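Novice: Starting from these lines, generate the structure:
(4 chains)
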Number of protein chains: 2
Amino acid sequence: MRRQQILDAALQCFLRSGYEATTIEDVRNLSGASVGSIYHHFADKHAIAIEIHRAYLHQYWRLVAAALSSSRSPRLCFSKLIADYLKWMKKSPDLFRFARFMSHSRGLRAEVIDAKDPFIEEQSRFVVGWFERHASAGRIKKMQIDMYDVLLMGPLYEYAAHWLQGISLTPIDEAAEIMASGVWMAFRKGT
Amino acid sequence: MRRQQILDAALQCFLRSGYEATTIEDVRNLSGASVGSIYHHFADKHAIAIEIHRAYLHQYWRLVAAALSSSRSPRLCFSKLIADYLKWMKKSPDLFRFARFMSHSRGLRAEVIDAKDPFIEEQSRFVVGWFERHASAGRIKKMQIDMYDVLLMGPLYEYAAHWLQGISLTPIDEAAEIMASGVWMAFRKGT
DNA sequence: TTCCGTACTAGAATGACATTCTAGTCCGAG
DNA sequence: CTCGGACTAGAATGTCATTCTAGTACGGAA
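Specialist: This next block holds a predicted model:
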């Protein structure tokens, strides 16, 4: 219960002011827990953020897996993945800003966590399988799994970064289309 | 002079231990300057990092502009840009880790600086012109300038992030080829 | 030469935090 | 009832970034 109250309060604080700017004192005020209590439940401030970030990662992997399952055609799957991701970002920009921060600060730590969470591991395995299946069937180019991430998510992350900073010139829907077509070209077989 | 000593020392510290982990005390020890002196020359710790980061940004824009000038063919320019960027990263991974951190923490601030630095502004104008010229000539697809960044640099950044964390499966040269061909597909005219 | 102002240096003092410590309180099993 | 472990509390610490106060060096005006 206390644990949950702390997590809820911390989430609110992180979304409102960002990770660095929220102090343990803020979390204490909002949650009603004492300092000692907070440190009883969590090793440190970062551990709280990681726990919260995990929820974002779950949603992320769920979204990816759902999109890839949504059609027989890889091309349509990619389009859906891109559109859904951007829709989600538009709905929860603060969450995305927080998640971006978490992914980049101590990115390594985040990776380790990916690997340790059974749900994420399962989704991840499914996604890897999906790519291997389609590549073997000759529907997309064959390459190491990390390059799928690079070619597909790279543009998406970069657009998201621009949009979250309010400096993107291309509206979301249009960007989604451009990325979908570009990404598909990159994955298509044949030079 | 003092100013330069402080910058040199700070750079060494940042590359060795990262931005967050280096204290003013560290910089003081390595540079020989006093705390007061450091704060006389710089508003705060972040200002030092930004000044250093600016040097990275100059190199970055120089590299981009040089690559785009290297050939009549956009395709070859992209290949060169990708290869050169990765070569640079391989040579100075610590610098890249630092730059990544700077771009993501207070990314907005970094943007503002881009816009204010005359050298960067000039390079940036050149790059924008390059894309407009080639788009008008029908050699690449026409789109808003930010999407060029998204489609071209997005994958590159994502690969760099993986590589810097030591979790990339694809060796640099191979990745460069895959990205170059993928990116070119995305930019090529016609569906 | 002397005097003044500006640029710079120094290091102590401050204040904001994260984190640790010490001392309880609560509650369920035996 | 009572013992032990889980939990809570809030004061105490320690580490920084940053600010303050007091110089020092030096170039140029008088």
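Novice: show me the contacts for A:L76.
Specialist: A:S70 (CB atoms under 8 Å, 6 or more residues apart in numbering or on different chains). Backbone N, C-alpha and C define where each C-beta goes, glycine included.
Novice: count of residues packed around the residue of chain A found nearest DNA strand D?
Specialist: DNA strand D sits closest to A:G36 of chain A, with a gap of 2.1 Å, by CB to the nearest atom of the strand. For A:G36, the neighbour count with other CB atoms under 10 Å in any protein chain shown is 9.
Novice: Quick check: which element contains the nearest residue to A:T22 once chain neighbours are set aside?
Specialist: Spatially, and ignoring its direct neighbours in sequence, A:T22 is nearest to A:C13 (3.9 Å; CB to CB, 6 or more residues apart in numbering or on different chains). Using DSSP states H and E, A:C13 sits in helix A:2-17.
Novice: Now that helix: average pLDDT?
Specialist: In this model, helix A:2-17 has a mean pLDDT of 95.
Novice: again, but for stretch A:44-52
Specialist: Across stretch A:44-52, the average pLDDT comes to 94.
Novice: just stretch A:128-136 next, same as before
Specialist: 97.
Novice: contacting residues for A:H41?
Specialist: A:R2, A:R3, A:I6.
Novice: An error on my part: the question was meant for A:A66.
Specialist: Applying CB under 8 Å, 6+ apart, we find A:A66 in contact with A:D84.
Novice: Pull up the gap between it and chain B, please.
Specialist: 22 Å (CB to the nearest CB, to the nearest Å).
Novice: what about that residue, which SS state?
Specialist: The three-state assignment at A:A66 reads helix, by DSSP: H, G, I helix; E, B strand; the rest coil.
Novice: wouldn't A:I172 be in contact with A:Y85 here?
Specialist: No: using CB atoms under 8 Å, A:I172 makes no contact with A:Y85, being 10.4 Å away.
Novice: okay, the two: which has more neighbours?
Specialist: Higher neighbour count among A:I172 and A:Y85: A:Y85, with 22 against 16, using other CB under 10 Å.
Novice: ok, now which ones touch the more buried one?
Specialist: By CB under 8 Å, 6+ apart, the residues touching A:Y85 are A:L63, A:L156, A:A160.
Novice: Read off the pLDDT value for the residue nearest the centre of chain A.
Specialist: Centroid-nearest residue in chain A: A:Y60, 4.5 Å away (criterion: CA atoms, centre = their mean). Note for A:Y60: predicted pLDDT of 97.
Novice: Okay, and it sits in which element?
Specialist: Element membership of A:Y60, judged by DSSP H and E, is helix A:45-69.
Novice: That helix and DNA strand C, any residue contact?
Specialist: Yes: residues of helix A:45-69 are located near DNA strand C by CB under 7 Å from any atom of the strand, namely A:K45, A:H46.
Novice: still on that earlier bit, among the contacts of A:Y85, who's most crowded?
Specialist: Within the contacts of A:Y85, neighbour counts (other CB under 10 Å) peak at A:A160, which reaches 26 neighbours.
Novice: Worst mean pLDDT across the helices and strands of chain A, which element?
Specialist: Using mean pLDDT, DSSP states H and E, the weakest-scoring helix or strand in chain A turns out to be helix A:107-116, at a mean of 57.
Novice: which residues are in contact with the next helix or strand after that one?
Specialist: Next helix or strand after helix A:107-116 toward the C-terminus (DSSP H and E): helix A:118-136. The contact list for helix A:118-136 (CB under 8 Å, 6+ apart) reads A:57-58, A:61-62, A:64-65, A:68-69, A:74, A:114-115, A:140-143, A:145, A:148.
Novice: Narrow these to just the buried residues.
Specialist: A:L57, A:W61, A:V64, A:A65, A:L68, A:P74, A:D114, A:I140, A:K141, A:M143, A:Y148 (16 or more other CB atoms under 10 Å in any protein chain shown).
Novice: Distance to A:V128 for the residues you listed - can I get that in CSV?
Specialist: Formatted as CSV, these follow (distance: CB to CB, whole Å):
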residue, distance to A:V128
A:L57, 16
A:W61, 12
A:V64, 11
A:A65, 11
A:L68, 11
A:P74, 14
A:D114, 13
A:I140, 13
A:K141, 16
A:M143, 12
A:Y148, 9
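Novice: Which entry within these corresponds to the minimum pLDDT?
Specialist: Least confident of those in the model: A:D114, at 60.
Novice: For A:T170, grab the count of nearby residues.
Specialist: A:T170 - counted by other CB under 10 Å - has 20 other residues nearby.
Novice: Give me the pLDDT for the spatially closest residue to A:G138 that is not a sequence neighbour.
Specialist: Closest residue to A:G138 apart from its sequence neighbours, by CB to CB, 6+ apart: A:K189 at 6.3 Å. Here the pLDDT value assigned to A:K189 is 75.
Novice: Helix, strand, or coil at A:K189?
Specialist: Following three-state DSSP, A:K189 is assigned to coil.
Novice: Tell me the spacing between the nearest residue to the residue nearest to the centre of chain A once chain neighbours are set aside and DNA strand C.
Specialist: Excluding the flanking residues, the one nearest A:Y60 by CB to CB, 6+ apart is A:A99, at 7.8 Å. Distance from A:A99 to DNA strand C, counting by CB to the nearest atom of the strand, to the nearest Å: 19 Å.
Novice: Chain A against DNA strand C: which residues are in contact?
Specialist: With CB under 7 Å from any atom of the strand as the criterion, chain A meets DNA strand C at residues A:T22, A:T23, A:I24, A:E25, A:V35, A:G36, A:Y39, A:D44, A:K45, A:H46.
Novice: any idea how far the fifth one lies from A:P74?
Specialist: Taking CB to CB, to the nearest Å as the criterion, A:V35 is separated from A:P74 by 51 Å.
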